[in-house]
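> model the structure of this input:
(one chain, ligands or ions: 1)
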Amino acid sequence: MMTYAQWFTMHGNKHRELVQRLLSKGLAQEEIIAYFRFENMVEKEKDFCELYATQTKCHEMDDLNCYLCACPNFRFTQNPKLKEEKLIHSHCDIDSKDGKIFEHEKNVHQDCSGCLVPHHESYITKHFDTEWFQVMKACED
Ligand code: SF4
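Numbers count the residues shown, from 1 in each chain. The predicted structure is shown next:
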């Protein structure tokens with residue numbers, strides 16, 4: 001199974017390659033964001049996400065946009081800290097009211113399945129950067 005750090009690097013590189021391709025075609029910010037809409041990505045970028053093969057949305061929402069997957073507020077560490085006898089591997093930096101915790105034995109992970117924050121285009125526009133690693137720079141603790 002992939003670690004957070006491995007996924008982060010892999011996904012960031014894929015995102016960079018795609019955005020560079022769109023920029024080289026002359027797409028403006030608004031057009032790039034629109035390109036990342038779930039329905040368009042499923043059709044044109046089949047290898048970007050493994051859920052595209054089955055047209056499965058990670059979150060049930062009409063206007064799901066994939067530009068800021070995973071989320072700039074997600075925090076993960078390769079050196080989990082001990083807190084009340086639990087090992088904290090990841091957490092939400094803004095304590096989203098829709099975020100949850102996933103626990104397995106002593107391990108605690110952030111569960112974002114109920115949170116739509118980074119998938120709204122208004123949020124993406126506000127935090128837009130063509131460089132995914134820049135937007136996500138605080139994610140790795
Ligand atoms: S709970 Fe929401 S805001 Fe927090 S890290 Fe997850 S997706 Fe981002």
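> what residues sit buried inside the helix or strand residue 19 falls within?
Element membership for residue 19 (DSSP states H and E) is helix 4-24. Buried positions in helix 4-24, judged by neighbour count with 16 or more other CB atoms under 10 Å: 4, 8, 11, 12, 15, 18, 19. C-beta: built from backbone N, CA, C; applies to glycine.
> which secondary structure elements does that helix contact?
helix 29-35, strand 74-83, helix 132-135 (3 or more CB pairs under 8 Å, 6 or more residues apart in numbering; DSSP states H and E).
> could you confirm whether that helix reaches the ligand?
No. Using CB under 6 Å from any ligand atom, helix 4-24 never reaches the ligand; the gap is at least 12.1 Å.
> kindly calculate the angle that that helix makes with strand 74-83.
170 degrees (axes from the mean of the first three to the mean of the last three CA atoms, to 10 degrees).
> next one: helix 4-24 to chain centre, how far?
11 Å (CA atoms, centre = their mean, to the nearest Å).
> return the most buried member of the helices and strands packed on helix 4-24.
Of all the helices and strands packed on helix 4-24, helix 132-135 carries the top mean neighbour count, a mean of 17, counting by mean count of other CB atoms under 10 Å.
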